[in-house]
Every structure is written in structure tokens, then in C-alpha cells.
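[1] would you be able to build a 3D model of this:
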Amino acid sequence: QGVSLFAKVVEVRPKVDGSPSISEVVVGDHTGTITLRAPDPQVELCKPGAVLHIENAQIVMLGAFMRLEAESIKEFEANVKNDLSAVEYPRAD
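    Sure, this is the predicted structure:
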């Protein structure tokens, strides 16, 4: 079983040589960046600035370089309809 993480898309690179259905996507957070190998159905979500929820991911070695591969990539969006700060709660005095 892999790891799950949230990361921001930094850059989408062209298709990988020899693999017409895989694109490389640079993703990162405050700790650094890594290149995610994303298949065609998932790369559509990978636009610069988008925040992704990457599930069941693992590191694979491509030659001497690390790449991240994931079972699931979903776009993350905040639920702005559920504003917990806008609810008035009774005080317990």
C-alpha cells in the first residue's frame, strides 16, 4: 500500500518518450517537488496551480531518477458551502 498526499501542480511536461499515454507532472508542497507520472485520464486534472489529492502513491525508479506513480489522482476543492465559522452556536455559560 502506498501513501496519500496533497500537492500543487507546478508544471506539466510533454508526453514521455516511448509512452504515448503517460505525461510527467511536477508537483510539490512546502517540503519540495517531485515528478508524477500521470496517465492520460488523470493528466486532464493536472493544470498548473491545481491542488491534487494523490492516493496510493509509490516511488518508482526510472533509470537513476525517482518518479511518483499513483493509483488515483483527484482534484482537491474546498467545500465552501459548509462554512463552520458562519454557524452560531449556543454558549455554555
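
[2] when you work out contacts or count neighbours from here on, use the C-alpha atoms and nothing else.
    Will do.

[3] go through whichever strand or helix holds Leu36 and flag the buried ones.
    Secondary structure assigned from DSSP states H and E places Leu36 in strand 32-39. Neighbour-count burial for strand 32-39 flags Ile34, Thr35, Leu36, Arg37, Ala38, Pro39 (criterion: 16 or more other C-alpha atoms under 10 Å).

[4] what residues are bridge-paired with the fifth one?
    It stands for Ala38. When bridges are assigned using DSSP bridges, the partners listed for Ala38 are Ser23.

[5] what about this structure, any weak spots by pLDDT?
    16, 18 (pLDDT under 70).

[6] all strands of it, in order?
    When assigned using DSSP state E, the strands of the chain occupy the ranges 3-16, 19-29, 32-39, 51-62, 65-75.

[7] need the ones you listed in TSV (columns: distance to Leu45).
    Listed next are those as TSV, based on distance: least, C-alpha to C-alpha, whole Å:
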stretch	distance to Leu45
strand 3-16	10
strand 19-29	11
strand 32-39	10
strand 51-62	8
strand 65-75	6
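
[8] pull the residues that contact stretch 56-63.
    By C-alpha atoms under 8 Å, 6 or more residues apart in numbering, the surrounding residues in contact with stretch 56-63 are Gln1, Gly2, Val3, Ser4, Met66, Arg67, Leu68, Glu69, Ala70, Glu71, Ser72.

[9] nearest residue to the fourth one other than its sequence neighbours?
    Right, Ser4. Residue nearest to Ser4 in three dimensions, not counting chain neighbours: Glu55, with 4.3 Å by C-alpha to C-alpha, 6 or more residues apart in numbering.

[10] pretty sure that neighbour contacts Ala70?
    Yes: the pair Glu55 and Ala70 qualifies as a contact (C-alpha atoms under 8 Å) at a distance of 6.1 Å.

[11] quick one on the thing from earlier: list the contacts of the residue nearest to Ser4.
    Contacts were defined as C-alpha under 8 Å, 6+ apart; by that measure Glu55 touches Gly2, Val3, Ser4, Leu5, Ala70, Glu71, Ser72, Ile73.
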